[in-house]
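1. Compute the structure for the input listed below.
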Amino acid sequence: MNKRYSLIFVVIAVLVFSFLYAAGLFGNKDVTAQDFVNLQQSAKPYFGFRRAHAKGVCLQGEFIANGALAPFSQSSLFQAGSNTFTGRFSIAGNNPLAPDLAAPVRSFALSFTTTDGEHWRTGMNTPPVVAVRTPEAFFEQLTALSPDPATGKPDPSKIKAFFQAHPESATFNHWKQQYQATSSFATEQYHSINAFYLIDAKGQRRAARWAAVPQATDKQPENAIANAGPDALQLELAARLAQQPVKFDLMFTLANQTDDETDPTVLWPDDREQVNAGTLVITQWQAQQDGTCNGITFDPLVLPKGIEATKDPILNARGAAYAESYRRRAKETLLQQTNQPQQGAH
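-> Numbers count the residues shown, from 1 in each chain. Below you'll find the predicted structure:
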C-alpha cells in the first residue's frame, strides 16, 4: 500500500477513535479523555502545542454572507452582511516541526463571534468522509493499522482484510485513491464531514453539510513547491496573501429525506440542493504561537442559534478530547511563561 495512503488511514482513524474513546463510547469507564490524549500525543509530547494538527498558522478575515442561507437558518451569521473570523490552516499530526508536504490531511478551522453574542466554530478537513461509522469498527480499524511487532510496520494483509470486511469504507477508499494534494492551502477544498441541522425561523430543521470551496484557479500539484523547505505551505500562503486575499465559497449541501445525517461514511448525491452562503475572505496570517488562533479550541459542537448537532456518534464524541488537549497545552504554556521547567519539553 502507498505510504501516503497508509498515513491517511492512520491519521483519520486515530483522530476519530480518540474522540470516541475519550467520550466513553466503548463502554470502558476506566478509560478517560486523559488516557486517550496520552496515546494521541505519543510518549514525547510537544509542550504547549495541540495534540492533533499541531502545526499550523493563524488567519484573520471576514465572512461576507449573501443572505441565501437565511431562509434555512435563524443564525444572524447568514443574514446578508459581514462578520469577522479567526481561523487556522493546519496539517495532520502531533509534530509542530513536521514538513508541511509530509502530512496526508490538511484542515481549515474557523471561529466566529457575532455582535449579538453568537458563537460558531467549525473544523473542516480535506477528506469528505471517514471510513467507518461505528466505534467498534474504528477500534477494528486501529487494530488493523497497528504496527506488527516483528516489522515495526502495519501488516498490509490485515489492512486489506479489514477494508474487505467493511464495504462502507468504499467511498473513503475511492477518495484517498484519487486525492492529489495541491501546492497551497488556498487551493484545497475542505469538508465538514459530519452533518448538522439547520433550524429556520419556524423551528423546522434540515440536515446539511458544508464545504469551503476555493475560488483560486491556479491549482498546482504539491511537487511544485517540493524544494521550498519544511514550511512550504506556510511560505506559499504568505506570498499569496501579500498579493491578494484568499477566498472560499461557503457551500451548504442540503439533505433530502432519504439521506442519513448520522452516517459520515456516505457522500450525498450530487443532485442534492446546494446553497452558496457567501464568501470567506482571508486577509492576514500569523505564526500560531503568538497568533490569535492559538487559544481557540475549534470544537464543532460550539454552534450558533440556527445550527444544531445531529446524532452522529462521531460528532457528539469530540468535546472531551478537545477539552483535555487544550487543558494540557494551556498548563504547559503557563508553566513556560513562569519559567517553571518541565521534563521532556521539546
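2. Go through the helix or strand harbouring residue 159 and flag the buried ones.
-> Element membership for residue 159 (DSSP states H and E) is helix 156-165. Buried residues in helix 156-165, counted by 16 or more other CB atoms under 10 Å: 159, 162, 163. All C-beta spots, glycine's among them, are computed from the backbone N, C-alpha and C.
3. count of residues packed around the residue found closest to the first one once you drop the neighbours it is linked to in the chain?
-> Counting by CB to CB, 6 or more residues apart in numbering, residue 144 is the residue found nearest to residue 159 once chain neighbours are left out, at 5.3 Å. Residues near residue 144, counting by other CB atoms under 10 Å, number 21.
4. what about residue 144, which SS state?
-> helix (DSSP: H, G, I helix; E, B strand; the rest coil).
5. what's near enough to touch it?
-> The neighbourhood of residue 144, defined by CB atoms under 8 Å, 6 or more residues apart in numbering, consists of 154, 155, 158, 159, 161, 162.
6. one more time with 6 Å, if that's ok
-> Applying CB atoms under 6 Å, 6 or more residues apart in numbering to residue 144 gives the contacts 158, 159, 162.
7. pLDDT at it, what is it?
-> With respect to pLDDT, residue 144 scores 82.
8. do the same with the one 5 residues further on
-> At residue 149, the predicted lDDT confidence score is 82.
9. ok, so what distance separates it from residue 155?
-> From residue 149 over to residue 155 the distance is 10 Å, taken as CB to CB, to the nearest Å.
10. And residue 291, its phi and psi?
-> Taking degrees, to the nearest 10, you get phi -90, psi 170 for the backbone angles of residue 291.
11. Which residue is the nearest non-sequential neighbour of it?
-> residue 58 (3.0 Å).
12. element containing the one you found, please.
-> Assigned by DSSP H and E, residue 58 belongs to strand 55-65.
13. pLDDT weak spots in the stretch 51-200 of the chain?
-> Residues of the stretch 51-200 of the chain that meet the criterion pLDDT under 70 lie in 51, 135-136, 139, 142.
14. now with 90?
-> 51-54, 92-98, 102-104, 114-116, 130-154 (pLDDT under 90).
15. and the residue nearest to residue 291, bridged to which residues?
-> Bridge pairing for residue 58 (DSSP bridges) gives the partners residue 88, residue 286.
16. tell me the contacts of it?
-> Here residue 58 is in contact with 88, 286, 288, 291, 292, 293 (CB under 6 Å, 6+ apart).
17. Kindly report the same for residue 187.
-> Each residue near residue 187 by CB under 6 Å, 6+ apart is listed here: 214, 216, 219.
18. Against residue 269, how distant is it?
-> For residue 187, the distance to residue 269 - CB to CB - is 25 Å.
19. do residue 285 as well
-> Residue 285 is 36 Å from residue 269, by CB to CB.
20. quick one: which of those two has more around it?
-> residue 285 (24 against 10).
21. any idea what sits nearest that one, other than its immediate chain neighbours?
-> Per CB to CB, 6+ apart, closest to residue 285 is residue 57, 5.1 Å.
22. what about the helices in the stretch 151-300 of the chain?
-> Assigned by DSSP state H, counting those that start in this stretch, the stretch 151-300 of the chain shows helices spanning 156-165, 170-178, 232-243.
23. Select, out of those helices, the one closest to residue 95.
-> helix 232-243 (14.6 Å; CB to CB).
24. Buried ones in that closest one, by neighbour count?
-> Across helix 232-243, burial judged by 16+ other CB under 10 Å covers 232, 233, 234, 236, 237, 240, 241.
25. What of stretch 114-132?
-> Neighbour-count burial for stretch 114-132 [16+ other CB under 10 Å]: 114, 118, 120-132.
26. cool, and stretch 74-84?
-> So, applying 16+ other CB under 10 Å, buried residues of stretch 74-84: 74, 75, 76, 77, 78, 81, 83.
27. And the strands in the stretch 1-150 of the chain?
-> In the stretch 1-150 of the chain, the segments counted as strands under DSSP state E, counting those that start in this stretch are 55-65, 81-91, 106-113, 119-125.
28. on that earlier part again, could the helices of the stretch 151-300 of the chain go into TSV alongside distance to residue 193?
-> Formatted as TSV, the helices of the stretch 151-300 of the chain follow (distance: least, CB to CB, whole Å):
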stretch	distance to residue 193
helix 156-165	19
helix 170-178	10
helix 232-243	21
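29. wait, what's in contact with the closest residue to residue 118 other than its chain neighbours?
-> Nearest residue to residue 118, sequence neighbours excluded (CB to CB, 6+ apart): residue 304, at 3.9 Å. Counting by CB under 6 Å, 6+ apart, residue 304 touches 75, 118, 120.
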